[in-house]
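In: build me a model from this:
(chains A and B)
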Amino acid sequence: MRKFLDEGKLILIAIPVLIWTLLPIYHLFVLSISNQESMLAGKLWPDNPTLQNFQIVFNQQHYYLHNFWRQLFNSFFIAVSTGLITLFVATFAAFAIARLKVRGGRTMMNLALATYLIPAAFLAIPMYKAMGSYGLLDTQASLILAMVALASPYAIWVLKQASDKLPKELDEAAVMDGATSLQLFRLVYLPLMKPSMVVIGIYALLLAWNEYLYAFLLLSSEKAVPLAVGLGLFLSADDAPWNLLMAAGLLYAIPPAVIYYGFRKNMVGGLTSGAVKS
Amino acid sequence: MKLDRYFVAGTAVAAVVAGWSGAASAQEVLTAWFTKGFYKGEDDALLAVVDKFQKATGVKVELSLYATEDCVTKSVGAVDAGTPPDVGFCTTYDFRTTGKWAYDGKLEDVSDVIEPLKSEFQPMALSTTFLMNGKAGKKSYYAFPVEQQMMHITYWKDMLEEAGFKEADIPKTWNGYWDFWCDKVQGAMRAKGKRVYGIGHPMGIAASDTFYSFLTFANAYNAKVVDENGKIVLDQPENKKAMVEAVKSYANIFQRGCTPPSSVNWLDPDNNVAFHNRTTVATHNATISIAGKHMDDMNNAALTAEQRATAKKNYEDNIRTAEFPLKADGSKMTNLAAVKTAVIFADAKNKKRAKEFMAFFMKDENLRPFVEGSAGRWVPTTLKGIEAPFWSDGKDPHRAVVYKQYKDGTVPFQFVYNYNFTTVNAENVWAKAVNRVVQDKIPAEQAVDEMIARIKQIAG
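Out: Numbers count the residues shown, from 1 in each chain, chains lettered A, B, ... in the order given. Model prediction:
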């Protein structure tokens, strides 16, 4: 009985939370299948649901969607590059700090983590200035580097925590067998770190996928910006074609949702792997 | 030894970065940031100008187009970072930054470009670019008046007829006009069982529509806020009294229930949305974008023939663009106009070419297609531009009204005389005063006292 009551309480809390969370997504979906006349009618379900908006988006038939596929590719390229580079940086850093015990490694990691004390938005202008000094403005490299800089401290910290849980004896045995540091990294460390690496790669990828501020600050050309910035063009006028924006937005939301659900087991395992010390 | 290794590594990184970035230094480059047009025609006209300029000078124009808010945000960031483009034209510069940038010495004096063209501009539009530079201690031309916007009334003619009225029934007097929509039209629609509001009246503090609309009301009551030297004159008895009347008039529409209750939270698109879904019969808006949406749809090949026909019917027959009524004292209304300004930045790398480009861009044959490309959303600042058939031939029912409003005369915003009013508007001191009356139920006199005190703090 008590268990039933406890579960009842939980459900009572969960239902409003679920509705609150899903309502904007539902609204997004309803607008995306509404035609011109019914999109502003404020109805819970359109009278004549249509896929016409998706057709317009796929065929790039609206002026603001002329670069839809190009910008979607840009989003993929920037997000995947950010994920891979962050993984590269963070894995080596975590290995050096946690396994090789490089002098000053922990201090470096803490200094990097300290950058999170400053909101990323405040760093946008200094980052813009730095990229300008390097002549990287309006190159996708600038956005990728900025995203890697933002993602790396957390990535290093999580991977370092996960590394700490690996038994030291494995390293010692490999060294006894004559393994070099790089062999230790490749043959022992990487296979054991896979779950955590998946989660960190996805974290960095999604961070870059959802980024807007840095993307529009660092990139200028319409053909270079990711789709998030491209869709921002719809807000240029107070009479935006909301149904098209929602249809494009829905499509843009699909890849991260697929990635998340595809790797959710790794996400949970990877995130908690560094949470407590054994 | 370790130091040597760091040095080698550092040099290698620097070399990579230098190699990465050093590609495009051969050709002379001019950087320009513009707000992306709502229509392809607008951007095509701009690209044609850029193309012609490139061919004539051999200078490569690196043109970037941004969404309205992104454009100004990015510009502010670039100016602060000391790396602005050479030319900037964002359609909210005038509301947000032009005056302050000029005062802070962030803009290049462009008098040498403007002076030979002076006679071509509408004097009011040109006057908005004659700005104070606090560093130089003098006024000069620091911007180019590219295009402008005005307030218009938009109403559903078919809904008006459904309520049992004709367009000829709409009064011309200030109070009579609002009473008509509020009591007669709304009353008649309610009597038919329709939950419709007479007016879509922006009240939201976060909406620029609200301060644009409110300042039109203040203008209707001749409430002068600043003089031409930027000195605040709102505290003078006659101006204060007029402002109290303006606040009462603006608040009254909400208090009588003639606008949707949600209008206190409206953002800029919301009065458009309420109009499109026929929740309101009339609204006021700072461009003819409401009608323009239906023009977009009627020309949109991606829509069905039926959808296009409905949009055409709406644009040509059902929706009307109209002037504001006469002022409260019965005199003709002068329209509050916001002139969209292009600038050349003081820190620009290629100021010489930037001036050449702007001189080229402001030529009638280049500027006119750009402004007309907006399909009526933006109004010309040049005398030739407004007399072009596009505006003056009377064939388009909406543009014909805009033309008439232009001819009736325009007045600038206060921020032209005192740049601190960009902050007053951003804080929306005007909407706050109205909301104090309708929500906190304080007398309009007290709300105006608070308004004056805050304006003096910000802009005094």
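
In: sheet partners, orientation included, of the longest strand seen in chain B?
Out: Using DSSP state E to define each element, chain B has its longest strand at strand B:335-344. In the sheet, strand B:335-344 lines up against strand B:87-89 (antiparallel), strand B:144-150 (antiparallel), strand B:410-411 (parallel) (DSSP bridges).

In: quick one: the shortest one to chain centroid distance?
Out: Between the mean C-alpha location of strand B:410-411 and the chain-wide mean there is a distance of 13 Å, by CA atoms, centre = their mean, to the nearest Å.

In: can you show me the strands along the stretch 1-150 of chain A?
Out: Under the criterion DSSP state E, counting those that start in this stretch, the stretch 1-150 of chain A contains no strands.

In: repeat for the stretch 151-278 of chain A
Out: Under DSSP E, counting those that start in this stretch, the stretch 151-278 of chain A gives no strands.

In: which regions of it sit below the pLDDT cut-off?
Out: Scanning the stretch 151-278 of chain A for pLDDT under 70 picks out the ranges A:267-278.

In: which single residue in it comes nearest to chain B?
Out: Among all residues of the stretch 151-278 of chain A, residue A:220 sits closest to chain B, at 3.6 Å; criterion: CB to the nearest CB. Just so you know, the C-beta spots here come from the backbone N, C-alpha and C atoms, and that holds for glycine as well.

In: try the stretch 51-200 of chain A
Out: Chain B sits closest to residue A:135 of the stretch 51-200 of chain A, with a gap of 2.9 Å, by CB to the nearest CB.

In: quick one: buried residues of stretch B:28-42?
Out: B:30-39, B:41-42 (16 or more other CB atoms under 10 Å in any protein chain shown).

In: just stretch B:96-107 next, same as before
Out: Burial within stretch B:96-107, assessed by neighbour count using 16+ other CB under 10 Å, is assigned to B:96-103, B:106-107.

In: what about the strands in the stretch 151-300 of chain B?
Out: B:152-156, B:197-200, B:280-285.

In: on that earlier part again, could you measure from the residue of the stretch 151-278 of chain A closest to chain B over to residue A:237?
Out: Using CB to CB, to the nearest Å, residue A:220 is found at 21 Å from residue A:237.

In: residue A:96 too?
Out: Residue A:96 is 52 Å from residue A:237, by CB to CB.

In: now do the contacts for the one residue sitting closest to the centre of chain A.
Out: For chain A, the residue nearest the mean C-alpha position is residue A:206 (1.2 Å; CA atoms, centre = their mean). Contact partners of residue A:206, counting by CB atoms under 8 Å, 6 or more residues apart in numbering or on different chains, are A:79, A:256, A:259-260.

In: per-residue confidence at residue A:6?
Out: Per-residue confidence (pLDDT) for residue A:6: 78.

In: that one: how many residues sit nearby?
Out: Number of residues near residue A:6 (other CB atoms under 10 Å in any protein chain shown) recorded here: 10.

In: so residue B:135 sits in a helix?
Out: No. Counting by DSSP: H, G, I helix; E, B strand; the rest coil, residue B:135 falls outside a helix, being coil.

In: phi first, then psi, for it.
Out: Dihedral pair for residue B:135: phi -70, psi -40, per degrees, to the nearest 10.

In: and for the one 5 residues further on?
Out: Dihedral pair for residue B:140: phi -160, psi 180, per degrees, to the nearest 10.

In: tell me what it is bridged to.
Out: With DSSP bridges as the rule, residue B:140 is bridged to residue B:131.

In: hang on, it packs against residue B:109?
Out: Yes. With contacts counted by CB atoms under 8 Å, residue B:140 reaches residue B:109, the gap being 4.9 Å.

In: overlap in contacts of the two?
Out: residue B:133.

In: output the below-cut-off pLDDT ranges for the stretch 1-150 of chain A.
Out: Ranges of the stretch 1-150 of chain A meeting pLDDT under 70: A:1, A:40-41.

In: show me what from it comes close to chain B.
Out: Residues of the stretch 1-150 of chain A that fall close to chain B, judged by CB under 8 Å from any CB of the partner chain: A:35-37, A:40-42, A:52, A:55-56, A:59, A:61-63, A:124-126, A:128-129, A:132, A:134-139, A:141.

In: quick check: domain ranges of chain A?
Out: Per automatic domain parsing, the domain ranges recorded for chain A read A:2-58, A:63-273.

In: now do the longest one: distance to the chain's middle.
Out: Average the C-alpha atoms of domain A:63-273, do the same for its chain, and the two points are 7 Å apart (CA atoms, centre = their mean).

In: before we move on, what about the shortest one?
Out: Between the centre of domain A:2-58 and the centre of its host chain there is 24 Å, according to CA atoms, centre = their mean.
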